[in-house]
Every structure is written in C-alpha cells, then in structure tokens.
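Student: I would like to see how this sequence folds:
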Amino acid sequence: MNDDTVKPVTTFGGMPVAPYQQWSRETLGFEFKHIELLITALTHRSYVNEHKKSTTKHNERLEFLGDAVLELVVTDYLYKNFEEPEGILTSWRAALVRTESIAEAGERLGYEPLIRMSKGEKAGSDRARQQIRANAFEAVLGSIYLEKGYEACRLHVEKYITSKLDSILQAGTWRDPKSHLQEVSQRIDGATPVYKVMEETGPDHDKVFTLGAYVNNKLMGKGIGPSKQAAQQEAARAALKEYEAQSGQHT
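Tutor: This next block holds a predicted model:
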C-alpha cells in the first residue's frame, strides 16, 4: 500500500524552516502553510548572488506587493478615522510609512537575524541595514497578504504602524522638516536655512552624505543620509531640535 501522506517541509533553499515557523508562530500568531513565502520575504538580493545553486528568489517582488498593501491599509485607516483635508492626510501617511518608521517596526518584530543576506551586506553601514529592515517589513507584509489576505494585513499594520500616529502627531514629525525649519528660522532669526555638504564617504553604490543646516552662517543641525536630500531632511530635524532646546518650547 502506497503512503500518500504529505510530509511537512523541513528545508527550503537549503535553509531549515523551523526558525521561520517559530518566529511566525510567536510573533505573527500563525504558521505559514506556504513557508517559502516568508523565507523569500526575508531573502535579500545579495544572498541570491552568493548562493545561486540553492536559491533563485529574493524579496523584491514581495516588497513591491507589500508596499502597495501598506499604503492601502494606512490610507484606509486615515480616511475612516480622520476628517482632515487630503494634504494633511498625505503628510501623515508619509510619516507613517517612511523608511525610518517601518525599519523601527521591523526592529520591534525582531526578524533581522532571519534575513538572508551576503556577508558584505551584514557588514554594511547602519543606514544600509535600516533600509534592508524596512524593505523586509514590506516583503513580509506581502507574504502575509498572500498567505492570509487583507484583514490579517490590516491588523498587522494597525499594530505596528498606525498605532504610532499619536506619537508622530505629538512630536510634529509628520511635517516636512525643511519647510518647518524655514518657518521657524524666519520667525526667530529672520533668515532662510542654507544646506552645505560637510562630508561625503563610501563607495558609489553605498554613499553616505553629511550635510549641515546653517542659519545666518551658524550651524544649527547636522544630518547623515544615503542621499543629499535625505541628509538635508535629517539636518533640518536636528536644527528644529536645536531651536526647541534654545527656546524651551515645542517649535
């Protein structure tokens, strides 16, 4: 008599599945029927380049899917719970889904030890690792969508992303920091901020820029980022904190 019992999958792409199922069970509250979705969601492109014989899929397609799901869930939540005009809601959504926010959610979820990446990426800069965590959050969300559907994604996003809205509103971090800084600097010092490159390091594929935000030729804040634009945003945030410290009031 033939035994047609389906044996549980114990490995995928050369990796044992048990740690992934354990993380899913303990953190997400369920086990994947299609565990390859979760493992792929936690596979960086660089890992595939180093393990071409055992692995062919990385997480970028799932990231593409998860990015769309994330935006829909957050938009749905904001639309149903607030009466503010479109421009305000758009700014709130941008603050909730920006790289730093979803990377922080990824850190809380604790999946970084399960991310498959190259040795070079493991030794990369903090900013590069932050980006990988953020991308993995979207990819994992994509895997949840395929495994469990929209409602499971909604609950997941509301637990880890939209639950941070109150603190974002209280801190004022939803406002574009460069526009906000310009308002503050003109009100207090009668001058517009000027951004200057202070340092540029790293290879072309992993550049790190350090920029300063100057008001009346005085350095008010310094920011670091993977692009000049990102570094300007961080410098503006730092300058706003400096104005806050000087005035003793929220800007």
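Student: list the buried residues for stretch 129-136?
Tutor: Arg129, Gln130, Ile132, Arg133, Ala134, Asn135, Ala136 (16 or more other CB atoms under 10 Å). The way it works is simple: take the backbone N, C-alpha and C, and place the C-beta from them, glycine included.
Student: these in helices, which ones?
Tutor: Those of the buried residues of stretch 129-136 mapping onto helices are Arg129, Gln130, Ile132, Arg133, Ala134, Asn135, Ala136, per DSSP state H.
Student: quick check: Arg33 is in a strand.
Tutor: Just to correct that, residue 33 is Lys rather than Arg. No: under DSSP: H, G, I helix; E, B strand; the rest coil, Lys33 falls outside any strand and is assigned coil.
Student: in CSV: the ones in helices among the buried residues of stretch 129-136, plus pLDDT and distance to Thr56.
Tutor: Formatted as CSV, these follow (pLDDT from 0 to 100; distance: CB to CB, whole Å):
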residue, pLDDT, distance to Thr56
Arg129, 88, 24
Gln130, 90, 27
Ile132, 94, 19
Arg133, 95, 23
Ala134, 95, 24
Asn135, 96, 19
Ala136, 97, 18
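Student: buried ones in stretch 23-30?
Tutor: Trp23, Ser24, Leu28.
Student: quick one: Trp174 and Gly202, what's the gap?
Tutor: 30 Å (CB to CB, to the nearest Å).
Student: the more surrounded of those two?
Tutor: More neighbours surround Trp174 than the other of Trp174 and Gly202, with 19 against 14 (other CB atoms under 10 Å).
Student: residue contacts, the nearest residue to the more buried one once chain neighbours are set aside?
Tutor: Using CB to CB, 6 or more residues apart in numbering and skipping the chain neighbours, the partner closest in space to Trp174 is Ala95 (3.9 Å). Residues in contact with Ala95 (CB atoms under 8 Å, 6 or more residues apart in numbering) are Ser101, Ile168, Thr173, Trp174.
Student: phi and psi next, for Gly223.
Tutor: The phi and psi values for Gly223, taken as degrees, to the nearest 10, are phi -130, psi 150.
Student: count of residues packed around Ala245?
Tutor: Neighbour number of Ala245 under other CB under 10 Å is 9.
Student: can you check Glu84 too?
Tutor: 12.
Student: and for Ser163?
Tutor: When neighbours are defined as other CB under 10 Å, Ser163 has 12 of them.
Student: do the same with Met117
Tutor: Met117, neighbours per other CB under 10 Å, totals 23.
Student: you'd agree it is up against Ser46?
Tutor: Yes: using CB atoms under 8 Å, Met117 makes contact with Ser46 at a distance of 5.3 Å.
Student: so what strands line up beside the helix or strand of the chain at the bottom of the mean pLDDT ranking?
Tutor: In the chain, the helix or strand scored least confidently by mean pLDDT, DSSP states H and E is strand 11-12, which has a mean of 77. Neighbouring strands of strand 11-12 in its sheet, by DSSP bridges, are strand 15-16 (antiparallel).
Student: re the thing from before, and the buried residues of stretch 129-136 as TSV, adding distance to Leu37?
Tutor: Shown next, in TSV, are the buried residues of stretch 129-136 (distance: CB to CB, whole Å):
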residue	distance to Leu37
Arg129	23
Gln130	24
Ile132	18
Arg133	18
Ala134	19
Asn135	16
Ala136	13
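Student: which one of those is nearest to Phe209?
Tutor: Closest to Phe209 out of the buried residues of stretch 129-136 is Gln130 (15.1 Å), distances taken as CB to CB.
Student: that closest one: what's it in contact with?
Tutor: Thr99, Glu100, Ala103.
Student: please identify the buried residues of stretch 49-56?
Tutor: Taking 16+ other CB under 10 Å as the criterion, stretch 49-56 shows His51, Thr55 as buried.
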